[in-house]
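**Student:** just to be clear, the model below is a prediction. Sequence and coordinates:
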Amino acid sequence: MTHQSIQRWSRLKRMAKTTGMYVLLTAIACLFIGPFILLVSTAFKSDSQPVFSFPPQWLPDPPVWDNFHQAWNDIPFPRYMFNSFFLVGVMVPLHLLLASITAYPLARMRFFGRNFIFYGIIATMFIPPEVMLIPRFLLVKTLNMTDSYWGIIIPGLLGGFAVFLMRQAYLAIPRELEEAAIIDGCGPFRMWWSIMLPLTAPTTAALGVFSFISVWNSFVWPLIVLKSPELYPLSLGLAYLAGTFGFDVKSLAAGAVISATPIIIFFLLMQRYFVYGMQGAVKK
Amino acid sequence: MSMPIPTQPAPQSQAPLRRRTRLGLRRFSWVPYLFLLPGVAFFVIFDYIPAFNALYLSFTKYHVLSPPEWVGLENYHDMLKDPSFWKALKNSFAYMVIMVPMLVVIPLFLAILVNQKLKGIHLFRVAYYLPVVTSMVTVSIAWNYLYHENGLLNYLLITLGILTKPISWLLDVDTAIFAVALVESWKALGFYMMIYLAGLQSVPQDLIEAARVDGANRLRVIWHVIIPMLRPFVALCVVMAGKGAIEVFTSVYMLTQGGPLDSTTNLTYYIYDLAFQKLNMGYASAVGMVLWVILLVLSILNYRLSHGGDRLQ
């Protein structure tokens, strides 16, 4: 073989390998996206087209919007949508603020009882939420907050992990910045608000993204606290639909598509923070 | 921040520096406590008080309408003779046995696959992570269609010759728990993949190159270099997956409601059913204590493996 043909051969081999890799990656991607595609396809099928058949009819023929209209208009879907956005809009900023203001002195100040308080907060991570369902429900009931937004919002505002993560972010900030600010006459509150808060922005953003997802998808707690369907967030409204006898499967698919769309768009916009947040959570 | 430090600082800005007494002790200040007040109040009211209340309730008969009545260990005693409890406990561990291997092995393979330098590889990472961010309710609805007797899964398996007649995956006592565990695992695969990916990025590249120079092929590098380096991440995934398997709830609620014949009811679902359907809060709290012990063991392992384990000692 000439030198040239060896070169061509190895290039071909490399190309074949790369192509094979893409085929494999795409096949696996289908396993992850496939069920969602199926959902979208079902949502667009017309009344006359069967959802289940052997062999399956993959594509809606013709695609129709009827199911979306039905899901949107026949049940309080806009209301569910509003509830979900409202909960996210109130809970995520408050969560970040509370986690941040709690973590800051634990990382940057010296005071009596600091370790005691820190370990006391960390210890709450060892109390599983499943076990807390009953006593927290009873507490919310005592506070007269069942079947209201408050019953969902207030118990979900802070967690040990959020404080832990924010504290790690504060610990990473060099001392000199603080000293310089003190010399310039900066008080403790301004130090936190105008200097430390911006410096921990990447971690705060990552925490915010995770908080957004968890509030948007929260299910068990709203299921327990809420009774009135008009207060349901999307996840619960959708479950309610799925459980409603006789609600047709195509409209349910349309409802599922409607409720998944905002979170998927949010994820696609924010994906780099996911990577950052995951790494932050794994590597101390 | 780039302001020059004045050589002669103003008198009032010296105050914080003068806080130290001669003994090197700082003067007491309310500032940190003011910062901490809302957060600490939150943890006391919504974590500590309920936690102790959960323990207290587990020693009572409490059906919400009348106040709790102290019965000592009776709930725990009842639990020993309650076949539903044992079934739920057994199923909780069954979820672990099914899910943990899947969530430890498959994501490792996926992470190695998406850690290559290929054009557009991050698109695949995003695709594999998509189920993680989607709600369990949506995911359950999608899989409900797949599992239908005339659904896609049966069609594929029959076409491939693996099955001869369709199975009602969620209605069959023998398959329902596997079907639920598969949905839960499928949803979480991307999450564990990202943990491994973080781990892979900490494996020194020259170590892999050295092995390649020494003539190791791709598989040998994975087996002898990458996997040993990832051992702490494997351990972390084992514990986290165990915890995730014990906490399975929404998929059970959406797909099977614990059925058929309690074959998918785990401790978490059993507690929900006892407390919020049957309003038997005392007994449910006692079952909760069992769940707590199991999760406590896993949480302690998790904490030590993931973050701050060294600091806790």
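**Tutor:** Looks like it arrived, so ask away. Residues are numbered from 1 along each chain as shown, chains lettered A, B, ... in the order given.
**Student:** so, low pLDDT: which residues of the stretch 1-150 of chain A?
**Tutor:** Along the stretch 1-150 of chain A, the parts satisfying pLDDT under 70 run over A:1.
**Student:** is stretch A:176-194 anywhere near chain B?
**Tutor:** Yes: judged by C-beta under 8 Å from any C-beta of the partner chain, stretch A:176-194 and chain B are in contact via A:177, A:180, A:182-185, A:188, A:192. C-beta here means a position set from N, CA and C on the backbone, and glycine is covered the same way.
**Student:** most neighbours among the residues you listed, please name it.
**Tutor:** The most neighbours of any of these, using other C-beta atoms under 10 Å in any protein chain shown, belong to A:Trp192, which has 21 neighbours.
**Student:** can you report how many residues lie near the closest residue to B:Gln116 other than its chain neighbours?
**Tutor:** Spatial nearest neighbour of B:Gln116, excluding adjacent residues (C-beta to C-beta, 6 or more residues apart in numbering or on different chains): A:Met21 at 7.0 Å. Neighbourhood size, A:Met21 [other C-beta under 10 Å]: 14.
**Student:** now A:Met21: phi and psi?
**Tutor:** phi -60, psi -40 (degrees, to the nearest 10).
**Student:** wait, it sits on B:Leu118?
**Tutor:** Yes: between A:Met21 and B:Leu118 there is a contact under C-beta atoms under 8 Å: 6.4 Å.
**Student:** immediately after the helix or strand hosting B:Lys187, which helix or strand?
**Tutor:** Per DSSP states H and E: B:Lys187 is located in helix B:176-200. Downstream of helix B:176-200, the next assigned helix or strand under DSSP H and E is helix B:205-213.
**Student:** check contacts around A:Leu25.
**Tutor:** Counting by C-beta atoms under 8 Å, 6 or more residues apart in numbering or on different chains, A:Leu25 touches B:113-114, B:118, B:121, B:124.
**Student:** please read the previous query as pertaining to B:Val225.
**Tutor:** Here B:Val225 is in contact with B:203, B:207-208, B:211, B:216 (criterion: C-beta under 8 Å, 6+ apart).
**Student:** circling back: which of the residues of stretch A:176-194 next to chain B fall within strands?
**Tutor:** Using DSSP state E, the subset of the residues of stretch A:176-194 next to chain B located in strands is empty.
**Student:** now, which of those lie within helices?
**Tutor:** Counted as lying in helices by DSSP state H, out of the residues of stretch A:176-194 next to chain B, are A:177, A:180, A:182-183, A:188.
**Student:** narrow the contacts of B:Val225 to those that are buried.
**Tutor:** With burial judged by 16 or more other C-beta atoms under 10 Å in any protein chain shown, the buried subset of these is B:203, B:208, B:211, B:216.
**Student:** what does the stretch 151-300 of chain B put close to chain A?
**Tutor:** So far as C-beta under 8 Å from any C-beta goes, the stretch 151-300 of chain B lies against chain A at B:151-152, B:155, B:158, B:186, B:189-191, B:194-195, B:197-199, B:201-202, B:233, B:236, B:247, B:249-250, B:253-254, B:268, B:271-272, B:275-276, B:281, B:284-285, B:288-289, B:291-292, B:295-296, B:299-300.
**Student:** what subset of the residues you listed is buried?
**Tutor:** Applying 16+ other C-beta under 10 Å to these flags B:151-152, B:155, B:186, B:189-191, B:194-195, B:197-199, B:233, B:236, B:247, B:249-250, B:253-254, B:268, B:271-272, B:275-276, B:281, B:284-285, B:288-289, B:291-292, B:295, B:299 as buried.
**Student:** could you list the low-confidence segments of chain B?
**Tutor:** B:1-27, B:306-313.
**Student:** and the strands in it?
**Tutor:** Counting by DSSP E, the strands of chain B are B:60-61, B:69-70.
**Student:** wait, which of the ones you listed is closest to A:Gln7?
**Tutor:** strand B:60-61 (80.9 Å; C-beta to C-beta).
**Student:** helices - which of the buried ones among the residues of the stretch 151-300 of chain B next to chain A land there?
**Tutor:** Among these, the ones falling in helices (DSSP H) are B:152, B:155, B:186, B:189-191, B:194-195, B:197-199, B:233, B:236, B:250, B:253-254, B:268, B:271-272, B:281, B:284-285, B:288-289, B:291-292, B:295, B:299.
**Student:** quick revisit: looking at the strands of chain B, which is buried most?
**Tutor:** strand B:60-61 (a mean of 18; mean count of other C-beta atoms under 10 Å in any protein chain shown).
**Student:** residues in contact with that one?
**Tutor:** Under C-beta under 8 Å, 6+ apart, the answer for strand B:60-61 is B:68-71, B:74-75, B:282-283, B:285.
**Student:** between these, which is nearest chain A?
**Tutor:** Nearest to chain A among the contacts of strand B:60-61 is B:Ser285, at 5.6 Å by C-beta to the nearest C-beta.
**Student:** hmm, back to that, with distance to A:Asp61 added, can I get the contacts of strand B:60-61 in TSV?
**Tutor:** As requested, these are exported to TSV (distance: C-beta to C-beta, whole Å):
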residue	distance to A:Asp61
B:Pro68	60
B:Glu69	63
B:Trp70	66
B:Val71	63
B:Glu74	62
B:Asn75	58
B:Gly282	57
B:Tyr283	54
B:Ser285	54
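**Student:** thinking again about what came up before, biggest separation within the contacts of B:Val225, which pair?
**Tutor:** B:Val203 and B:Ala216, at 14.2 Å, using C-beta to C-beta across the contacts of B:Val225.
**Student:** B:Tyr303 and B:Tyr48, how far apart?
**Tutor:** According to C-beta to C-beta, to the nearest Å, B:Tyr303 and B:Tyr48 sit 18 Å apart.
**Student:** tell me where the model's unsure across the stretch 151-284 of chain A.
**Tutor:** A:245-247, A:275-284.
**Student:** helices of that one, start to end?
**Tutor:** A:160-171, A:175-183, A:188-190, A:197-199, A:201-217, A:220-225, A:234-243, A:249-282 (DSSP state H, counting those that start in this stretch).
**Student:** what's the burial count for the nearest residue to B:Met79 once chain neighbours are set aside?
**Tutor:** Setting aside the residues directly before and after it, B:Met79 is nearest to B:Phe85 in space (C-beta to C-beta, 6+ apart), at 5.0 Å. Neighbourhood size, B:Phe85 [other C-beta under 10 Å]: 20.
**Student:** I'd assumed B:Gly288 was in contact with B:Phe85.
**Tutor:** No: counting by C-beta under 8 Å, B:Phe85 does not reach B:Gly288; the two are 11.6 Å apart.
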